[in-house]
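Peer 1: Generate coordinates for the sequence data below:
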Amino acid sequence: MDRNDIEWTGYIPAITTPFDADGALDLGALEAQLDWLVAQGMHGVILAGTSGEWFSMSEQERATLFSVAAKVVAGRAWVIGGCNAFTAQEAARHARAAEAAGLDGVLATPPPYLVPNRREIVGFYSDLDAATDMPICVYNWPRGCVVDMDVDLLEELSELDGVVAIKNSTGDFAGFLAGLYRLSDRVRYFGIPTSALGADLVTLGRGDGLMGSGGVLGSDHPEFWRALAAGDRDRALALGQRDRVVMERWFKPDYGAQFGNQQAIMKTALRLRGVPAGYVRRPLLELTPDEVARVEDTLHDLDIETVALR
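Peer 2: Next up is the predicted model:
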């Protein structure tokens, strides 16, 4: 397989996983959230990513998430299953659950916390590739995995049969661009910024979109890419600037949260919009009242109406 075997493009957010106030998986909220995201025009969604709190979910919960989401989305957008795990064997079990649910592909980082070396990373993805026929997106996530995969390593991984895409969330922009120019003819390449530079890259035929976080701005996110496709650069840049406001007020350059935690920020923003995103699961904690106000103030500055939190 290669980039031509899939059609993934545009904005594909890693969505939040709704839990109720007691920490149980809230499938009703998940269905409502997915319907809202699809109605807002998302090109696809990623389940059980970092935003989706994969690290606090059981294997059965993740499989249930995949199954329910596939039925709700029902082909209206691409659905990609997050298979992050500490071993290839566990990641493969998640991939098989994604395949059984009828998802469009899977995404996986290198094993977090372990700080694997180059040979170990290649072995991890090779084992995952051998265990599934699903299209695979390699996720370079230095903040969470403590390793930043360079261009040569990403190129080696792109040669695996099932690897069709790379989500490159490196803070090394020179490395990001080097990967973009070397690899985008073989794999779909995600992480293009919603900026003038990003617009230029897309116009030059480089890059496929952004696998972002949460989709909290609704249609603003996917419309950036649709505006570019339609040749309306001015509209695209205006939409992209709204996204930059969120990133600059809530997050650090390495994508870490400036306050609270990323998952609670996204869930709070969605709930303020009336979208049933639920609560974070411990060890994560909900935002403080001052932090909630900070999220709400940003939404108001973007002319987004909010509702009272319950």
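Peer 1: What number of residues are in the vicinity of the closest residue to Asp5 other than its chain neighbours?
Peer 2: Spatial nearest neighbour of Asp5, chain neighbours left out: Val164 (5.8 Å); criterion: Cβ to Cβ, 6 or more residues apart in numbering. Heads up, the C-betas are built off the backbone N, CA and C, glycines and all. Val164 is flanked by 23 other residues according to other Cβ atoms under 10 Å.
Peer 1: buried stuff in the strand or helix carrying Val164?
Peer 2: Of the helices and strands defined by DSSP states H and E, Val164 is found in strand 163-168. The neighbour-count check on strand 163-168 (16 or more other Cβ atoms under 10 Å) flags 163-168 as buried.
Peer 1: Report the separation between the residue nearest to Asp5 and Ile6.
Peer 2: Computed as Cβ to Cβ, to the nearest Å, the Val164 to Ile6 distance reads 5 Å.
Peer 1: Going along the chain, name the strands of the stretch 151-300 of the chain.
Peer 2: For the stretch 151-300 of the chain, applying DSSP state E, counting those that start in this stretch gives strands covering 163-168, 188-190, 209-210.
Peer 1: I meant the stretch 1-150 of the chain, not that one.
Peer 2: 10-11, 44-47, 78-82, 105-108, 136-140.
Peer 1: could those strands be laid out in a markdown table, adding distance to Tyr125, mean pLDDT and mean neighbour count?
Peer 2: Listed next are those as a markdown table, based on distance: least, Cβ to Cβ, whole Å; pLDDT from 0 to 100; neighbours: other Cβ atoms under 10 Å:
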| stretch | distance to Tyr125 | mean pLDDT | mean neighbour count |
| --- | --- | --- | --- |
| strand 10-11 | 25 | 98 | 26 |
| strand 44-47 | 18 | 98 | 26 |
| strand 78-82 | 15 | 98 | 27 |
| strand 105-108 | 8 | 98 | 27 |
| strand 136-140 | 7 | 98 | 26 |
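Peer 1: For the ones you listed, give me TSV that also has distance to Arg182.
Peer 2: Below are the strands of the stretch 1-150 of the chain laid out as TSV (distance: least, Cβ to Cβ, whole Å):
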stretch	distance to Arg182
strand 10-11	22
strand 44-47	24
strand 78-82	23
strand 105-108	21
strand 136-140	14
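Peer 1: hmm, back to that, quick check: mean pLDDT of the strand holding Val164?
Peer 2: Averaged across strand 163-168, the pLDDT comes to 98.
Peer 1: Neighbouring strands - and their directions - for it?
Peer 2: Take DSSP bridges as the rule and strand 163-168 pairs in its sheet with strand 136-140 (parallel), strand 188-190 (parallel).
Peer 1: can you list the residues that contact it?
Peer 2: Applying Cβ atoms under 8 Å, 6 or more residues apart in numbering, the contact partners of strand 163-168 are 1-3, 5-6, 8, 105, 107, 125, 129, 135-141, 154, 157-158, 176, 179-180, 183, 187-191, 208, 211.
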